[in-house]
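> Coordinates for the following, if possible.
(one chain, ligands or ions: 2)
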Amino acid sequence: MSDYKNFKILFTEQQIALRVQELAGEIRLKLEKFNPDEIVVVGLLKGVIFFLVDLIRALGSPDYHVELITVSSYQGQHSSGKIKMTDKMCNIRDKVVLLVDDIVDTGRTFASFVNHLKMREPKELITAAFLDKPSRREVEFTPDFVGYSIPDHFVVGYGLDCDESHRSLADIRIYEKD
Ligand code: IMP
Ligand code: MG
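Ligands and ions are numbered 1, 2, ... in the order given. This is a model prediction of the structure:
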């Protein structure tokens with residue numbers, strides 16, 4: 001397995017924590033127009049785990065519902081192009097859905113999930129990603145909220161993995177093969 005100590009740090013734990021707080025402030029301004037108990041935060045597993053937990057706590061409302069959905073498209077550092085999802089979510093009709101993922105890459109995961117959720121007629125659908133790689137886009141999609149836009153690097157840490165490795169790093173690093 002590649003040694004993470006040689007990977008360049010893109011964002012430190014402190015930078016991440018600060019940006020999540022700022023982002024939560026921006027998202028809160030948007031969400032405060034709605035009743036807290038009509039808000040459902042939907043996280044796309046597994047990459048989103050760190051960001052989702054930090055974001056929910058920073059948003060600070062005890063009334064938001066939280067749902068988790070398993071989605072996967074990556075094999076190693078390459079997008080397979082096919083999205084697999086496992087969805088046993090609550091009824092979101094007339095709810096305000098905040099759809100959260102770790103990173104937007106080709107855009108396929110978000111785009112297909114937004115379509116999928118829209119068929120269930122939510123009142124509003126808001127999207128947030130901690131990282132965005134706009135230069136990699138293959139389908140049109142712009143998240144409503146983004147932590148950082150980054151160049152075309154494969155990154156690991158803060159929930160992001162390469163074949164399940166390096167997910168638990170506290171900072172975000174540029175992955176390099178040995
Ligand atoms: P998309 O469907 O191509 O936008 O891919 C989104 C998903 O691919 C993300 O939710 C991640 O799980 C994964 N992914 C994309 N880029 C990276 C990366 O740089 N590191 C780790 N996972 C990534
Ligand atoms: Mg993901």
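> which intervals of the protein have sub-threshold pLDDT?
Low-confidence segments of the chain, defined by pLDDT under 70, span residues 1, 72-75, 80-88.
> mind listing what Gly60 touches?
24, 28 (C-beta atoms under 8 Å, 6 or more residues apart in numbering). From N, CA and C alone the C-beta is placed, and that goes for glycine too.
> one more time with 7 Å
Shown in contact with Gly60 (C-beta atoms under 7 Å, 6 or more residues apart in numbering): no residues.
> For it, give its distance to Asp152.
Using C-beta to C-beta, to the nearest Å, Gly60 is found at 34 Å from Asp152.
> Would you mind listing what in the protein touches ligand 1?
The chain has residues 47, 73-74, 79, 101-109, 154-156, 160 near ligand 1, with proximity defined as C-beta under 6 Å from any ligand atom.
> Against Lys8, how distant is Leu160?
Counting by C-beta to C-beta - Leu160 and Lys8 are separated by 14 Å.
> who's more crowded, those two?
Leu160 (25 against 10; other C-beta atoms under 10 Å).
> List the ones among the residues of the chain next to ligand 1 that fall in helices.
Under the assignment DSSP state H, the residues of the chain next to ligand 1 contribute 108-109 to helices.
> are any of the residues of the chain next to ligand 1 buried, and which?
47, 73-74, 79, 101-109, 154-156, 160 (16 or more other C-beta atoms under 10 Å).
> The nearest residue to Lys8 once chain neighbours are set aside - how many residues pack around it?
Leaving aside its sequence neighbours, Lys8 sits nearest to Ile174 (C-beta to C-beta, 6 or more residues apart in numbering; 4.7 Å). Residues lying near Ile174 (other C-beta under 10 Å) number 15.
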